[in-house]
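S.K.: quick check, what structure comes out for this input:
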Amino acid sequence: MANIGFIGLGQMGFPMVCNLLKKNHAVSVFDIDCEVVKKVTNLGAVAKSSPREAASGADFVITMLPNGQLVESVIFDEQGVIHTLSDDALLIDMSTIHPLESEKIRQRLETNGKQFMDAPVGRTSEHAVTGDLLILAGGTDEQIDRANDVLLCMGNEVIRAGGPGMGIAIKLVNNFMSAALNALSGEAVVLSEKLGLRYEIVEKVFSGTPAGKGHFTTTWPNKLLKGDLSPVFMLGLAQKDLGIVMDVANKLNMPMPMGAAATMVYTQAKAHGREKQDWTAIVEEIRDAAAVPSKIN
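M.R.: Predicted coordinates:
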C-alpha cells in the first residue's frame with residue numbers, strides 16, 4: 001500500500017482515484033469541485049484543503065489536470081506541492097500538456113531536489129473507469145520500476161517511452177495523428193455518401209486496406225522501414241488518384257481540406273523526382289522538408 005496524493009478529479013482523475021482506492025492505497029485528494037471531492041471521500045479517500053496538504057507524507061503525488069498552467073500552479077504556488085513534497089517522493093504528472101511546459105516543471109523540481117516523471121494516458125474516460133488506460137511513462141527506468149504497481153492500478157499497460165519527457169512527446173504525436181485521421185476519415189466517409197456508397201461497403205473495403213489498417217503495419221514494414229523505395233505502388237500513381245478524387249469532390253461541391261493538403265505533399269514529392277518511387281517515399285519527402293536525416297542508405 002502506498003500513500004498517494006492525487007490532484008485533479010475531473011473526468012479522468014475521478015475514476016483513476018477510484019481504482020487506486022480499490023487496490024487499498026491510501027489516497028489524499030484535492031480539487032476545487034467540492035461535490036466530486038465528497039463523492040470520492042465517500043469511497044475512502046481523504047480530502048485535503050490544498051495541493052500542499054495533499055502532498056504531505058505522500059510516497060507519490062499524481063497530477064491530472066487540463067493544462068500546463070494549472071499543473072505549474074498546483075506545484076509551485078504558495079499552497080503548492082513543492083512545499084511539502086518529500087525528496088524521496090515521486091511526482092507523476094499524468095496530464096496532457098505542452099512538452100516544453102513539462103520540461104520546465106521537471107527542471108525546476110530537480111533543481112529543488114525533487115523527483116518528477118511524465119506519464120500521460122492513452123485511451124478514453126471509459127478505460128479510466130475500468131482501469132484499462134494505456135500509461136505512457138516518460139521517466140527513468142528506476143522511476144518507472146518504482147511507480148509501476150501504482151500505475152497498473154489505473155491502467156493495464158505501461159509503455160516505457162524512452163526517458164524523461166518522452167511520455168508526453170509520444171502522447172502528443174499519437175493525439176495529432178488520431179485527430180487528423182479523424183478529419184481525413186470524415187472526408188472519406190462523406191465523399192462516399194456523396195457518391196451513393198453505403199457505409200457498410202465502405203467499412204468492409206477499408207478494413208482490408210491501408211485506408212483502415214494504417215500504414216504503420218501494412219505498407220511501411222516491407223518497404224520504407226527496410227530502406228526499399230522500389231515501387232509496389234508508385235508515388236506518381238497515388239498523386240494522380242488524389243487529383244482525380246479532388247476533381248470529383250470539386251464537382252460535387254464538397255470541400256476537402258485534408259485531401260487538398262495531402263495532394264499538395266504528393267505533388268511536391270513528384271516535383272522533387274519521387275514519381276517512380278514507392279508511395280511510402282512520402283515519408284522521405286516529409287523528412288527532407290523537416291530537415292530530418294534520411295534513415296534510408
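
S.K.: please, where are all the helices along this protein?
M.R.: 13-22, 34-41, 51-55, 68-76, 99-111, 125-130, 141-154, 166-194, 199-206, 210-213, 235-251, 257-269, 282-289 (DSSP state H).

S.K.: single out the most deeply packed of those.
M.R.: helix 51-55 (a mean of 24; mean count of other Cβ atoms under 10 Å). To be clear about C-beta, it is placed using only N, CA and C from the backbone, and glycine gets the same treatment.

S.K.: so which elements touch that helix?
M.R.: Helices and strands touching helix 51-55, as assessed by 3 or more Cβ pairs under 8 Å, 6 or more residues apart in numbering; DSSP states H and E, comprise strand 3-7, strand 26-30.

S.K.: run through the neighbouring helices and strands of the first one.
M.R.: Packing contacts for strand 3-7, counted by 3+ Cβ pairs under 8 Å, 6+ apart, involve helix 13-22, strand 26-30, helix 51-55, strand 60-63.

S.K.: quick one, which of these is nearest to P231?
M.R.: Proximity to P231, assessed across these by Cβ to Cβ, is greatest for helix 13-22 (47.9 Å).

S.K.: could you check the angle the closest one makes with strand 26-30?
M.R.: Relative orientation of helix 13-22 and strand 26-30, computed by axes from the mean of the first three to the mean of the last three Cα atoms, to 10 degrees: 160 degrees.

S.K.: so for helix 13-22, mean pLDDT?
M.R.: Mean pLDDT, computed over helix 13-22, is 98.

S.K.: export it as PDB, just CAs?
M.R.: Provided in PDB are the C-alpha atoms of helix 13-22 (Å, rounded to 0.1, in the frame of the first residue of the first chain):
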ATOM      1  CA  GLY A  13      -8.900  11.800 -12.500                       C
ATOM      2  CA  PHE A  14     -12.000  10.700 -10.500                       C
ATOM      3  CA  PRO A  15     -12.200   7.100 -11.800                       C
ATOM      4  CA  MET A  16      -8.400   6.800 -11.600                       C
ATOM      5  CA  VAL A  17      -8.600   7.600  -7.900                       C
ATOM      6  CA  CYS A  18     -11.400   5.100  -7.500                       C
ATOM      7  CA  ASN A  19      -9.200   2.400  -9.000                       C
ATOM      8  CA  LEU A  20      -6.400   3.300  -6.600                       C
ATOM      9  CA  LEU A  21      -8.800   3.000  -3.700                       C
ATOM     10  CA  LYS A  22      -9.900  -0.400  -4.900                       C
END
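
S.K.: what's the angle from it to helix 141-154?
M.R.: Using the same axes, to 10 degrees: helix 13-22 against helix 141-154 is 90 degrees.

S.K.: show residues contacting helix 13-22.
M.R.: With Cβ atoms under 8 Å, 6 or more residues apart in numbering as the test, helix 13-22 has contacts from 4, 6, 9, 27, 29, 31, 36, 39-40, 43-45, 62, 64-65, 94, 125, 128-129, 131, 133, 150, 153-154.

S.K.: the same query, at a cut-off of 6 Å, please.
M.R.: 6, 27, 36, 40, 43-44, 64, 128-129, 131, 153-154 (Cβ atoms under 6 Å, 6 or more residues apart in numbering).

S.K.: my guess is I135 contacts G155, does it?
M.R.: Yes: using Cβ atoms under 6 Å, I135 is in contact with G155, at 4.3 Å.

S.K.: look up the pLDDT of the nearest residue to E187 once chain neighbours are set aside for me, please.
M.R.: Excluding the flanking residues, the one nearest E187 by Cβ to Cβ, 6 or more residues apart in numbering is M256, at 4.8 Å. Looking at M256, its pLDDT reads 97.

S.K.: before we move on, what about I4?
M.R.: pLDDT for I4: 98.

S.K.: how much space between it and M254?
M.R.: 51 Å (Cβ to Cβ, to the nearest Å).

S.K.: so between those two, which is more surrounded?
M.R.: Each of I4 and M254 has its neighbours counted (other Cβ atoms under 10 Å); I4 has more, 25 against 16.

S.K.: and that one, how far is that from M117?
M.R.: I4 sits at a distance of 14 Å from M117 (criterion: Cβ to Cβ).

S.K.: follow-up on the earlier one: any chance of the helices and strands packed on strand 3-7 in TSV, plus distance to G165?
M.R.: Shown next, in TSV, are the helices and strands packed on strand 3-7 (distance: least, Cβ to Cβ, whole Å):
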stretch	distance to G165
helix 13-22	22
strand 26-30	25
helix 51-55	22
strand 60-63	16
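
S.K.: closest to S207 out of these?
M.R.: Closest to S207 of the helices and strands packed on strand 3-7 is helix 13-22 (Cβ to Cβ; 31.1 Å).

S.K.: now that closest one, how far from the centre of its chain.
M.R.: On the basis of Cα atoms, centre = their mean, to the nearest Å, helix 13-22 sits 21 Å off its chain's mean C-alpha point.
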